[in-house]
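Q: Any chance you can model this:
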Amino acid sequence: MKNSCPISKAADFLGSKWTLELIYHLQERRRFCELQEIMNGLNPATLAQRLIRLEREQIIQREVIPDSHPHVEYYLTIKGKDLLSVYRELTKWVSRWYLEEVY
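A: Numbers count the residues shown, from 1 in each chain. Here you go, the predicted structure:
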């Protein structure tokens, strides 16, 4: 659609529940089980779905670590790290306008 909002594509996947929180926690390399624990036991299927979407959007990278106990780690790509500046600005905006609200 020609007249659509220019950020609609990003809002589509970033607006999904848990996605922004997941990006926040992926500022450091993390394993799946770490993410699940940090995010208060988020349903594994939902977590996997969000990780797949973020990987498809090239926001995160998935890397298999082949050591004596192979495992997978997730981390932000350059594109994902670039998104952190937007995240910080949104945080400032929320702090300014929603500080009084209790969640």
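Q: For residue 89, see how far away the spatially most central residue of the chain is.
A: Taking CA atoms, centre = their mean, the centroid of the chain lies closest to residue 23, which sits 2.4 Å from it. The span separating residue 23 from residue 89 equals 14 Å under the rule CB to CB, to the nearest Å. C-betas here are computed from N, CA, C, even on glycine.
Q: again, but for residue 98
A: Separation of residue 98 from residue 89 (CB to CB): 14 Å.
Q: What average pLDDT does the host helix or strand of residue 64 get?
A: With secondary structure defined by DSSP states H and E, residue 64 is part of strand 60-65. Per-residue pLDDT values across strand 60-65 average out to 96.
Q: change the start of the numbering to 133 and stick with it
A: From this message on, residue numbering opens at 133, which makes the last subject strand 192-197.
Q: could I get that strand in PDB with only the CA atoms?
A: Listed next in PDB are the C-alpha coordinates belonging to strand 192-197 (Å, rounded to 0.1, in the frame of the first residue of the first chain):
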ATOM      1  CA  ILE A 192      19.500 -11.800  15.700                       C
ATOM      2  CA  GLN A 193      21.900 -14.600  14.700                       C
ATOM      3  CA  ARG A 194      21.700 -18.200  15.900                       C
ATOM      4  CA  GLU A 195      25.100 -19.900  16.300                       C
ATOM      5  CA  VAL A 196      25.700 -23.600  17.100                       C
ATOM      6  CA  ILE A 197      28.600 -24.000  19.500                       C
END
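Q: If you count contacts, what does it end up packed against?
A: Applying 3 or more CB pairs under 8 Å, 6 or more residues apart in numbering; DSSP states H and E, one finds that strand 192-197 contacts helix 176-188, strand 203-208.
Q: coming back round to it: what does the helix or strand hosting the residue nearest to the centre of the chain rub up against?
A: Remark: residue 155 resides in helix 151-157, with elements defined by DSSP H and E. By CB atoms under 8 Å, 6 or more residues apart in numbering, the residues outside helix 151-157 that reach it are 145-146, 167, 170-171, 179, 182-183, 185-186, 191-192, 208, 212, 215-216, 219, 222.
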